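Chemist: Need a 3D model of the following:
(chains A and B)
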Amino acid sequence: MKLIKKKIIYSTFLIGAGIIMLVAGYLMGPDSIMVGMGSGLVVISVLKIIQFIRLSKNEEKMKRYTLLQNEERMILISIKSGNMMFFVTLIIEYIALLVLVILKQEMIATIICELMALQTFGYLISYYLYNKKFL
Amino acid sequence: MESKITNRIEAYRKMMKITQEELANKVSVTRQTIISLENGKYIASLPLAHRLAVFFETTIEELFIFEYEKENE
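Modeler: Below you'll find the predicted structure:
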C-alpha cells in the first residue's frame, strides 16, 4: 500500500507539473509545444492514478504488482537496461553530432554537445553519490 | 580469482514435490526468477538465497555450490 501511495503522490506532482506547463504554454501562445507536453503529462498522470486506485482495490493484482516492482531480478534487469540505454543514447548523440557538424548545423550540434556533457556529468555525480552511500 | 556458482534448487524442489509457481510464491519472487535460477542464468542475492535455504530447511552452502578457479591454474 505504501508503494501505491508513493506512486499516487508522484503522479500528483506530475499533474502539477503538467498544469504549470499548460499555463506557461498558453501564455507563450496556443501553438507552443508546451501545451502538448503539458496536456500529455496531465492525461498520463491521471490515467496512472486511476490505475493505482483500481490496483489498490484488488488484493490479488496488488500483490502481483508489488512483487513485480520489488523483485530483485526485475530490479537488476531494470538497472542493466537503463545502464545500457544510457550508453546507447550517448553513442547515438555522438553520431548525430558528427552528422550535424558535417551538415554545418552548428546550433543544434552545440545543443547536443551540451546535452552529452550534462548527461556525462550527471552520471559522474550519481556515481560519486552512490559510491559514498555504499561505502 | 574467478568464481562459478551453481545450485541444487531444482533437485530440492522436485524432492519436495512442488511446482516452480508454488516455490516462487513461498519465497516472494516470480516464476521466471525460479526458472532463471534453476537454469543457472541468474544468481540469487544473499536475502533470496537465505529465504530459499530456510524454505528447503537446509543451508546456503548446501543449496548453492561455489567453485573458485585460481588465475594461475
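Chemist: Near chain B, which residues of chain A? Just list them.
Modeler: Residues of chain A lying close to chain B (Cβ under 8 Å from any Cβ of the partner chain) are A:67, A:68, A:71, A:72, A:73, A:74, A:76. C-betas here are computed from N, CA, C, even on glycine.
Chemist: From those, list just the buried residues.
Modeler: For those, a neighbour count by 16 or more other Cβ atoms under 10 Å in any protein chain shown gives the buried set as A:67, A:71, A:73, A:74.
Chemist: Among those, pick out the one closest to chain B, please.
Modeler: Distance to chain B across these (Cβ to the nearest Cβ) is lowest for residue A:73, with 4.5 Å.
Chemist: Just to be careful, could you list which of the residues of chain A next to chain B are in strands?
Modeler: Judged by DSSP state E, strands contain none of the residues of chain A next to chain B.
Chemist: Relative to residue B:15, which of these is nearest.
Modeler: Checking the residues of chain A next to chain B against residue B:15 with Cβ to Cβ, the nearest one is residue A:73 at 23.7 Å.
Chemist: so of the residues of chain A next to chain B, which ones are in helices?
Modeler: Among these, DSSP state H puts A:67, A:68, A:72, A:73, A:74, A:76 in helices.
Chemist: Any idea how many residues pack against the closest residue to chain A within chain B?
Modeler: Residue nearest to chain A within chain B (Cβ to the nearest Cβ): residue B:33, separated by 4.5 Å. Counted by other Cβ atoms under 10 Å in any protein chain shown, the residues lying close to residue B:33 total 23.
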